[in-house]
Every structure is written in C-alpha cells, then in structure tokens.
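**Student:** This is a predicted model, with the sequence first.
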Amino acid sequence: MIGAGVAGLTTAVCLAESGMKVRVDADLAPGETTSAAAGAMWDPYLAEPRDLVERWARTTLSELTALSSDKDTGIRMVEGTQESRTPCPLPAWGSAVGARQCTPEELRHGFVTGWRYRAPVVDMPRYLGYLARRFAQAGGSFRRHRYETVAEAMREAPVVVNCSGSGARALAGDPEVEAVRGQLVVVENPGIESFFCDDTPGADELTYVYPHSETVVLGGTSDRDDWDVTPDDRAADQIVHRCVAVEPSLAGARILEHRVGLRPVRKRVRLTEERHKDALLVHNYGHGGAGVTLSWGCAQEVVERVQGSRVTN
C-alpha cells in the first residue's frame, strides 16, 4: 500500500478488515499529507467521471454519516448552505443530501440562489488519526519509506495499491496528474454552527466556512499547476476578508493555523488494475478535491478488485 492520505488509509483499513495482511509505505505520515490540510466536507469537487463519482460519493456519504456518531472520528453532521451570486441549478449530487432551495431570507447578501442541506464536515487531523488507529487495530503496519517508481514497490509484495495522490505524477509516470493548490486558514470558532460555501459558477476564488467544535476552517484557493506548499500571506488575508464578508462574526477571530495542500486532479479518477505475471497493481488516485468524499466508495472497490484477483497476499 503506497500513500497515507485519506484515500490510502481508508483503503488500508478496508483491506485489513477484510482479513488481508497490509502494510502502508509512505514518505509522509498521515498528518503531513494533503488530506491533513483539507477543510473538509463531503462535496464531489474537481472529480470525474460523473457517474462513478456519484456512486463512490454516495457510498462514502453513508459511511461518514454512520461514523459521525463516534466523536473520536472528528466527523460532525452539519447543516448549512451552498449559495451562488448568479442563477444556477441544483448540483447533480443535491438529492443525495436532501438539498432544498433556500428561501430569499436564508440567502447571504449578494447571493441570488442557494441550497440548504446537511452533510458531514470532517476535522481531518482527527479523522486521519482515527483511521490510523483503526488500521493498527486491524493488524496493519506503517513504514516510512519513499519509492521512486511503483515498480520498486512491486518487488516487495504480490499486491500493491497505489494511493499516492499528486505524487502519482512521478511515481506512476502519469502526466495526466495535475496539482491544484489549496490554501486555507484555521481560526477560533466564535460560535458558528452552520457551514457556508460560495458555489457561484466561474468564480475566481473559493469561499467557504466549515465549522468544527472549537475551530472554523476558512477557504480557499484553487491554483492549477502550482506545486508550492508554502503558505502565501496575501492569499491568507484575502481568504479571511472574503469569509468575513459573508460571515461577519468571524471578524477578529484569532488565527490558529495556515494549511496548504495539493489536490491531485486528473481528467478521470484512476481506479484501475494492472497484472504483472504473479503480481497485481491497483491504482487509486486522482480524486481532485474529493478525496474524503470518494474515499470509502473507492476503497471498497479496491477490495473487490483485490479479492477478485488470483493473486494471494
């Protein structure tokens, strides 16, 4: 298993809990991955193809909703709105979360349409810690190790699952993988209980407010082909300014942390398998900004592919 982000850890949990012996090899610990920098909320953002993404997202929604009853997971079911400054239709995934159109009174100033619904909001550092503990309890192990190619990993095990995210561009030699840089700001929660997301089509910047119990995640950016993970002070100031404009109670909230991650965007999520003599290689990457949203659906499909192969672990 290559990769310790949310795709890698979720897949590792599913494989280990199905009775397989699993080791995760990764050059970054879970808390150092792009997943740890995510907001995060269930939302099929920057992921294709639509039909498969919808299926994987619905499976994951069910799992995250069930896990939200356990406080140790860092998952909470939160109600809020996704709004637009221009008229637009209900998102294709809206029915999955029971979205309804906002009344005029529910819309923020400057927004003309929107949707209210309830969905999982995930405190990613806590959630990744939960997944790591669950993986260990299922008998899994972790090794800090960097591979230059997937061929190196295939010399070590009969089954290799590649969940290397944006790293797959080099590791798997896949030029279709593009990094879309995301920056966000974490502040103390002044008492916000509902989420907000600006979903104006063609908007130059992202604006979202994701509340956790003690903190609020403010976003964000979506910078294509930018591999720099250093926080940008100007971008951070703009993020706070945009979020305060839609949620004035954030004004003056103490900044706790800046996060930057690289969304692994691809024309299509790569969930495919390759057979090499007596070995099996399964790719599971390219989830864009929907790593959390697709995690359980994709992981369960990986398990089915591995179990359906003739390769034993």
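**Tutor:** Sure thing, it's come through. Keep in mind that what you see is a predicted model, and the values were worked out from it rather than measured. Numbers count the residues shown, from 1 in each chain.

**Student:** Walking through the stretch 201-313 of the chain, point out its helices one by one.
**Tutor:** 233-246, 291-308 (DSSP state H, counting those that start in this stretch).

**Student:** Next up, the contacts around Glu148.
**Tutor:** Going by CB atoms under 8 Å, 6 or more residues apart in numbering, Glu148 touches 170-171. Any C-beta I mention is one placed from the backbone N, CA and C, and that applies to glycine too.

**Student:** Arg58 versus that one, what's the distance?
**Tutor:** 37 Å (CB to CB, to the nearest Å).

**Student:** hang on, the earlier thing: I'd like the helices of the stretch 201-313 of the chain laid out as JSON lines, including mean pLDDT, mean neighbour count and distance to Phe195.
**Tutor:** JSON lines is the format used below for the helices of the stretch 201-313 of the chain (pLDDT from 0 to 100; neighbours: other CB atoms under 10 Å; distance: least, CB to CB, whole Å):
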{"stretch": "helix 233-246", "mean pLDDT": "98", "mean neighbour count": "16", "distance to Phe195": "11"}
{"stretch": "helix 291-308", "mean pLDDT": "97", "mean neighbour count": "23", "distance to Phe195": "14"}
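
**Student:** Can you tell me how far Cys209 is from Thr293?
**Tutor:** Not Cys; residue 209 is Val. Relative to Thr293, and taking CB to CB, Val209 is found at 18 Å.

**Student:** no wait, Leu184
**Tutor:** Leu184 is 17 Å from Thr293, by CB to CB.

**Student:** just Arg108 next, same as before
**Tutor:** For Arg108, the distance to Thr293 - CB to CB - is 24 Å.

**Student:** do the same with Met1
**Tutor:** Met1 is 21 Å from Thr293, by CB to CB.

**Student:** Tell me which of the helices of the stretch 201-313 of the chain sits nearest to Asp27.
**Tutor:** helix 291-308 (17.5 Å; CB to CB).

**Student:** on contacts alone, who are the packing partners of that closest one?
**Tutor:** helix 6-17, helix 50-67, strand 159-162, strand 270-276, strand 279-285 (3 or more CB pairs under 8 Å, 6 or more residues apart in numbering; DSSP states H and E).

**Student:** CA atoms of it as PDB?
**Tutor:** What follows is helix 291-308, C-alpha atoms only, in PDB (Å, rounded to 0.1, in the frame of the first residue of the first chain):
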ATOM      1  CA  GLY A 291     -10.600  12.700  -1.600                       C
ATOM      2  CA  VAL A 292     -12.700  12.400   1.500                       C
ATOM      3  CA  THR A 293     -15.900  12.400  -0.500                       C
ATOM      4  CA  LEU A 294     -14.900   9.400  -2.600                       C
ATOM      5  CA  SER A 295     -12.700   7.600   0.000                       C
ATOM      6  CA  TRP A 296     -14.900   4.700   1.200                       C
ATOM      7  CA  GLY A 297     -16.500   4.100  -2.200                       C
ATOM      8  CA  CYS A 298     -13.200   3.800  -3.900                       C
ATOM      9  CA  ALA A 299     -11.700   1.800  -1.100                       C
ATOM     10  CA  GLN A 300     -14.400  -0.800  -1.200                       C
ATOM     11  CA  GLU A 301     -14.000  -1.200  -5.000                       C
ATOM     12  CA  VAL A 302     -10.200  -1.700  -4.400                       C
ATOM     13  CA  VAL A 303     -11.000  -4.600  -2.000                       C
ATOM     14  CA  GLU A 304     -13.400  -6.100  -4.600                       C
ATOM     15  CA  ARG A 305     -10.700  -6.000  -7.200                       C
ATOM     16  CA  VAL A 306      -8.000  -7.500  -5.000                       C
ATOM     17  CA  GLN A 307     -10.300 -10.200  -3.700                       C
ATOM     18  CA  GLY A 308     -11.400 -11.000  -7.300                       C
END
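
**Student:** Tell me the gap between it and the middle of its chain.
**Tutor:** Offset of helix 291-308 from its chain centre (CA atoms, centre = their mean, to the nearest Å): 14 Å.
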